[in-house]
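A.B. asks: what follows is a predicted protein model with its sequence.
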Number of protein chains: 4
Amino acid sequence: MARKTKPIRSDIAWSTPDRIEVHGKSLPDELLGHINLGDMAFLQIVGRMPTAPESKLFNAVAVTLVEHGITPSALAARLTYAGAPESLQAAVAAGLCGLGTVFVGSTEGTAKMLYEALPPGTKGADLEKIAREVVAGFRARGQIVPGLGHPLHKPVDPRAPRLFQIAKENGFSGDYVKLEQLICAEAERLSGKMLPVNATGAIGAICCELGLPWKIVRGIGVLARAIGLVGHILEESNNPMAIEIWQRVEDEATAHIRPGAA
Amino acid sequence: MARKTKPIRSDIAWSTPDRIEVHGKSLPDELLGHINLGDMAFLQIVGRMPTAPESKLFNAVAVTLVEHGITPSALAARLTYAGAPESLQAAVAAGLCGLGTVFVGSTEGTAKMLYEALPPGTKGADLEKIAREVVAGFRARGQIVPGLGHPLHKPVDPRAPRLFQIAKENGFSGDYVKLEQLICAEAERLSGKMLPVNATGAIGAICCELGLPWKIVRGIGVLARAIGLVGHILEESNNPMAIEIWQRVEDEATAHIRPGAA
Amino acid sequence: MARKTKPIRSDIAWSTPDRIEVHGKSLPDELLGHINLGDMAFLQIVGRMPTAPESKLFNAVAVTLVEHGITPSALAARLTYAGAPESLQAAVAAGLCGLGTVFVGSTEGTAKMLYEALPPGTKGADLEKIAREVVAGFRARGQIVPGLGHPLHKPVDPRAPRLFQIAKENGFSGDYVKLEQLICAEAERLSGKMLPVNATGAIGAICCELGLPWKIVRGIGVLARAIGLVGHILEESNNPMAIEIWQRVEDEATAHIRPGAA
Amino acid sequence: MARKTKPIRSDIAWSTPDRIEVHGKSLPDELLGHINLGDMAFLQIVGRMPTAPESKLFNAVAVTLVEHGITPSALAARLTYAGAPESLQAAVAAGLCGLGTVFVGSTEGTAKMLYEALPPGTKGADLEKIAREVVAGFRARGQIVPGLGHPLHKPVDPRAPRLFQIAKENGFSGDYVKLEQLICAEAERLSGKMLPVNATGAIGAICCELGLPWKIVRGIGVLARAIGLVGHILEESNNPMAIEIWQRVEDEATAHIRPGAA
């Protein structure tokens, strides 16, 4: 008995010998030279060109996550490049593999939380009540509220208010942004700690305002960080730190059992 | 005898509790809302803001490589996502791992070839002679000239002339673009085949015009394709093809030895 | 105010110019030529040499997951190799990235479920009652019980009874194996479907018998599949399928929008 | 005009509902409980069961590369795990991505060098003359002879003589091992430096004795190191170092530009 095949279909792009179209736009004629890289990302993900306010806001969101200095992700990319300098792409890949639930991926958690608390299309919700319920729920489950707090940026993560300002200037400061800020206030009140909305929290909320599916929100951080990692790999090739880090760590980590390490 | 440590240093970015700077620019105040994602990539890689013509050209180069339909890289990302949908970042990473010498990475080969044939700063070179020597060299070594020919896009890869046009409009159509075109003509003449400059060849030449180090040219394709892969993963989550591909291939691949496969 | 550093320490291995020790054993003198690769994996993970029964069972568990024909993971590795044949390691990495919650990683879910239901050291538990509670819990949460059912291997996954037999012959058929089998029976009773213990379910249960932490159980599948992927990449280099798969998929996927595709 | 499809075929393994065969062996009945993990790797790669001497030698080769303490690869895996602890497989993948031309991948370079110098089946070659020509060739091209020298293990890498001893005891100490040792002697003579055959050099030579294709030799290091990385990730989950490394590096790397870092 033969298996019945299902159709395979993609609606993103097609090519013929003389044409390449992406979401209905001619890549050479309508996109190259006409749009910037952030708009191309919007088109690729959303399936249509951004409006001018969407372009401004989406580019700002993506720019935010490109670079944050020496991160575990940048270090993983640099250490990988030291072993396989002929495979720059694999060094970027290694750096991206760590953008999970702890770093960057928390944008996704925020967007999911907000969409679940406030399904798209909801009108006239009592946001303060929802914020209290959301925070109570996380505390009851012993979970951390995503998108709040930062080990370094206290009492404010400077990226968050700036992103909220850009959202406002472009007409995207709606209920999701308000709810995120109310959740922040409630979490700080109940915990007694400084838990500012961090960059990933602001981005999660703004992605909801832009109507992006929560499943893909992490992807914006991933594509942005890919840019950042290319910069770190270039610096590593010119002024390396990976081998030095490796040797220092190896020396220290095994000194307690290594003969002669004194 | 203790090992002497070497300093560890990065000049890309730093953070304090209330500040984040990237290449001397305040991320919240001078970058967010002010620059697009392509300009941020330029800043991250080159270390300074692009001029307006550089911005136009660099964004076009990066946009070119975001998307080219169903590619081996997009398929690897989709197949990975099917097994680990909770790790979108790992699916993007898997897709990037294949951007090596065969696909996308050929941008690097072109840039390296052009820089070696025409070291930066060279004035008044006989480009036709150099083109003949370059092609003769590749043929003598039995190697393929990078950046030429395309299995689908014949007789012209429509991305290449458009990129060269944008380069010209922005004042970056210099000796590297000319040399690439002469190398193309010479390779076609000697081989008798259609070997148009392809997208990676045009990008390699333009990256030389922009003064980017050849070692990092592949990185532009890598960061661009990361954007494209996020779009493919979103589509895969909504309208999957990975499981169907897997089952078809498995059925066919082992039918010659599988009992009852008839 | 300087940050206080914490010590960095690893207890796995150390090297001096003339010695290499792993978990207290001389690699050249006590391991090479004396132990097989599965025993080395046990030593690396558990921190001591396996007993003879542990060696037999652990090797069987690891061997189980090396190979299962054309899988999404094998396809991702082959498609990656087609683009970057110079980076075999990146092709293996791409293949591993998909061993998440859907495939292979389900060993972890089983082990976690069993440890939570029956904490290590529990004596005289009512396993039937626990099995009923476990299955009821998953059903109440709308979750699938991990380690049960297989799309192809029905009514029995032939790897599971064989693994349980090897466990029994080596004295490791205790409460975790019994509980897994009772959970299987209860899930089949309540659902009315064939839900045999699959290979990952059997491995999850046996890893509990061996006392391995649930957090690392997925790792056994990962290391085993790395072996399998190397075999697939070798076959791909000799008798490729990746390019053909890509072209077939691309043709079909975009035929509905591609001019002239009819 | 429709593209003509090519057949897709794999000869490694097949499955039916009640059977799984790998290279003609029943996985449940003939492999599980009967062979160790190293033998399974040999079967997967070579396509047949190893003889007893092949088993002994191949297991020793694979065991050699499992673990060498804190390496760049282990650090990349640990840093990745810190960001995405839910994706152990991606942390292993990140660690593998760096096994390129600088580390581990040099096994491949040695095997390729030896096969090119002494094609399989060659009888009665003048090995001393070949060794001189090989070293002269590398020096003329300004390249490093692969498989020689080690930053730590001087004057001898203790793994190499032990591997050669095991090869000899099992009847695999033929012309490739001799040639590798002669190349070592010649390189030391010409350079005046200590350039002992290192572990990857010994493994490259032994893989030639075993008749493994050079293209897959790197794969043995990759599969072995996957085992090692699982052990490092387990230790990282119990006694982490990644976050501490990150913070130390970040502090030091940007102190020269960070306000208040003094």
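C.D. replies: Received it, and whenever you're ready, just let me know what you need. Residues are numbered from 1 along each chain as shown, chains lettered A, B, ... in the order given.
A.B. asks: all strands for the stretch 151-262 of chain A, in order.
C.D. replies: Using DSSP state E, counting those that start in this stretch, no strands are found in the stretch 151-262 of chain A.
A.B. asks: interface residues of it facing chain D?
C.D. replies: A:241-243, A:245-246, A:249-250, A:253-254 (CB under 8 Å from any CB of the partner chain). Every C-beta, even on glycine, is put in place using the N, C-alpha and C of the backbone.
A.B. asks: in contact with A:M40, which residues?
C.D. replies: Contacts for A:M40 (CB atoms under 8 Å, 6 or more residues apart in numbering or on different chains) come out as A:31, B:62-63, B:66-67, B:227.
A.B. asks: name the nearest of those relative to chain D.
C.D. replies: Chain D lies nearest to B:I227 out of the contacts of A:M40, by CB to the nearest CB, at 19.8 Å.
A.B. asks: what's the distance between the closest one and chain A?
C.D. replies: Distance from B:I227 to chain A, counting by CB to the nearest CB, to the nearest Å: 5 Å.
A.B. asks: wait, that residue touches A:A224, no?
C.D. replies: No. Counting by CB atoms under 8 Å, B:I227 stays clear of A:A224, with 9.3 Å between them.
A.B. asks: the two: who's more crowded?
C.D. replies: Counting neighbours by other CB atoms under 10 Å in any protein chain shown for B:I227 and for A:A224 shows that B:I227 has the greater number, 31 against 28.
A.B. asks: got a list of what the residue most central in space within chain A touches?
C.D. replies: For chain A, the residue sitting closest to the mean C-alpha position, by CA atoms, centre = their mean, is A:G221 at 2.3 Å. Neighbour list for A:G221: A:65, A:99, A:104-105, A:107, A:200, A:203 [criterion: CB under 8 Å, 6+ apart].
A.B. asks: how about A:A111?
C.D. replies: Residues in contact with A:A111 (CB under 8 Å, 6+ apart) are A:204-205, A:207-208, A:212, A:214, A:217.
A.B. asks: okay, those residues in TSV with pLDDT next?
C.D. replies: As requested, the contacts of A:A111 are exported to TSV (pLDDT from 0 to 100):
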residue	pLDDT
A:G204	97
A:A205	98
A:C207	98
A:C208	98
A:L212	97
A:W214	95
A:V217	95
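A.B. asks: biggest helix in chain A by residues?
C.D. replies: In chain A, ranked by residue count with DSSP state H as the criterion, the top helix is helix A:214-238.
A.B. asks: show me how far that helix is from its chain's centre.
C.D. replies: In this view, helix A:214-238 has its centroid 10 Å away from the chain centroid, taken as CA atoms, centre = their mean, to the nearest Å.
A.B. asks: how far off helix B:214-238 does that helix point, in degrees?
C.D. replies: 170 degrees (axes from the mean of the first three to the mean of the last three CA atoms, to 10 degrees).
A.B. asks: for stretch A:84-93, measure first residue to last.
C.D. replies: 12 Å (CA to CA, to the nearest Å).
A.B. asks: and which of the residues of the stretch 151-262 of chain A next to chain D is nearest to chain B?
C.D. replies: Compare each of those with chain B using CB to the nearest CB and the shortest gap goes to A:M241, at 4.6 Å.
A.B. asks: tally of neighbours for that closest one?
C.D. replies: The tally of other residues near A:M241 (other CB under 10 Å) stands at 24.
A.B. asks: just A:E250 next, same as before
C.D. replies: A total of 24 residues lie near A:E250 under the criterion other CB under 10 Å.
A.B. asks: got a winner among the contacts of A:M40 for most neighbours?
C.D. replies: With neighbours defined as other CB under 10 Å, the most crowded of these is B:I227; it has 31 neighbours.
A.B. asks: and the pLDDT at that one?
C.D. replies: We have a pLDDT of 98 for B:I227.
A.B. asks: distance of it relative to A:L37?
C.D. replies: Here the criterion is CB to CB, to the nearest Å. By it, B:I227 lies 7 Å from A:L37.
A.B. asks: shared neighbours, these two?
C.D. replies: Counting by CB under 8 Å, 6+ apart, the shared contacts of B:I227 and A:L37 are B:V66.
A.B. asks: before we move on, the earlier item: identify the farthest-apart pair in the contacts of A:G221.
C.D. replies: Greatest spatial distance among those (CB to CB): A:L99 and A:I203, at 12.9 Å.
A.B. asks: show me the contact partners of stretch A:18-25.
C.D. replies: The set of residues external to stretch A:18-25 that reach it, using CB under 8 Å, 6+ apart, is A:11-15, A:26-28, A:31, A:43-44, A:47-49, B:66-69, B:153, B:156, B:158-159, C:257, C:259.
A.B. asks: next one: stretch A:176-185
C.D. replies: Stretch A:176-185 has contacts (CB under 8 Å, 6+ apart) with A:110, A:113-114, A:117-118, A:127-128, A:130-131, A:134-135, A:145, A:147-148, A:164, A:167, A:195-197, A:201-202, A:204-206, A:208-209.
A.B. asks: what subset of the residues you listed is buried?
C.D. replies: Buried positions within these, assessed by neighbour count (16 or more other CB atoms under 10 Å in any protein chain shown), are A:110, A:113-114, A:117-118, A:127, A:130-131, A:134-135, A:145, A:147-148, A:164, A:167, A:195-197, A:201-202, A:204-206, A:208-209.
A.B. asks: what residues does the stretch 101-250 of chain A have near chain C?
C.D. replies: Remark: the part of the stretch 101-250 of chain A in contact with chain C comprises A:V249, using CB under 8 Å from any CB.
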